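Fold the following, please.
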Amino acid sequence: MAIKADIEELFKAGAHFGHKANKWHPKMAPYIHSKRKGGHIINLEKTVEQLDKALPVVTAAAKAGKPVLFVATKAQLKSPVKEAALEVNSPYVVERWFGGMLTNQATMQARIKRLKMLEAKMDSGEFASRYSKLEVQRLQEELDQLEKQFGGIKDMQGVPAVVIVFDAMTDAIAVREARKMNLTVIAVCDSNVDPTGVDYVIPANDDATSGVTLIASYFRDAVKAGQGESKSETK
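Got it, this is the predicted structure:
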């Protein structure tokens, strides 16, 4: 089932409000509708057009069983994006993006291995039986920190096929790393963003939580559709 974006829903969510006109990036010109009260208005017809191109790519990746990574480290976007990813068991990064998350797999895998080891030994009671309460507390603190940093990608199998970035400016490092790895990049780009390196530009207000939540729900549903198609084919 193809997932379709709704222009009225995007409008109600405030996805059309761009930044002040004097802060715009010229490469976003094709996605700008007009200027109003010193600010740019994003062309939501272009937003829908771009979503309609990007959503099938996500569905195809999910159908093939490939990871689709959700990325949103801006404070107000963390919760809705994480929730959308969790609903479809997609990997996510909503805390700080550590340089090398995609390009330095050896280091990342070592940290994730450490995280999983701490989890296993903490859950089994091995630490409690071997160490003092203070030592166990310190190990728990390390575990909590690693879980916060890498919990969203600890079960990701290999590199993702698609990286969805919900604020291309805040998470520019994620975009660059994904491009370096030749991964498909989909990114929400406000009027002040340089979209270079993004395969599918989703022009939208990246400060409107309601708008980004809506866009995240479209991508969640696209992943779900792909998972459903995969299951139906294996029956």
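
do you know how far M108 is from V81?
Distance of M108 to V81, given as CB to CB, to the nearest Å: 20 Å. (Glycine included, C-beta is placed from N, CA and C.)

Then S191?
Relative to V81, S191 is positioned 21 Å away (CB to CB).

Look at these two and report which has more neighbours.
Shown here are S191 and V81; by other CB atoms under 10 Å, V81 has more neighbours (28 against 25).

L69 contacts I164, correct?
Yes - using CB atoms under 8 Å, L69 is in contact with I164, at 6.8 Å.

Looking at these two, which one has more neighbours?
More crowded of L69 and I164, by other CB under 10 Å: I164, with 33 against 24.

Where do the strands of the chain begin and end?
17-20, 32-36, 39-42, 68-71, 92-93, 162-165, 184-189, 200-203 (DSSP state E).

Any chance of JSON lines for those strands, columns distance to E229?
Shown next, in JSON lines, are these (distance: least, CB to CB, whole Å):
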{"stretch": "strand 17-20", "distance to E229": "35"}
{"stretch": "strand 32-36", "distance to E229": "35"}
{"stretch": "strand 39-42", "distance to E229": "31"}
{"stretch": "strand 68-71", "distance to E229": "14"}
{"stretch": "strand 92-93", "distance to E229": "22"}
{"stretch": "strand 162-165", "distance to E229": "16"}
{"stretch": "strand 184-189", "distance to E229": "18"}
{"stretch": "strand 200-203", "distance to E229": "20"}
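
Out of the ones you listed, which one sits most buried?
Looking across the strands of the chain with neighbours counted as mean count of other CB atoms under 10 Å, the highest average goes to strand 162-165: a mean of 29.

Who are the packing partners of that one?
Counting by 3 or more CB pairs under 8 Å, 6 or more residues apart in numbering; DSSP states H and E, the packing neighbours recorded for strand 162-165 are helix 44-63, strand 68-71, helix 172-180, strand 184-189.

if I pick P67, what's in contact with it?
Residues near P67 by CB atoms under 8 Å, 6 or more residues apart in numbering: 61, 90-91, 156-162.

so which of the strands of the chain gets nearest S124?
In this view, the strands of the chain are compared for proximity to S124 by CB to CB, and strand 92-93 is the closest at 27.0 Å.

can you map out the helices along the protein?
Taking DSSP state H to define them, one finds helices in the chain at 7-12, 44-63, 75-87, 105-124, 126-130, 133-150, 172-180, 209-234.
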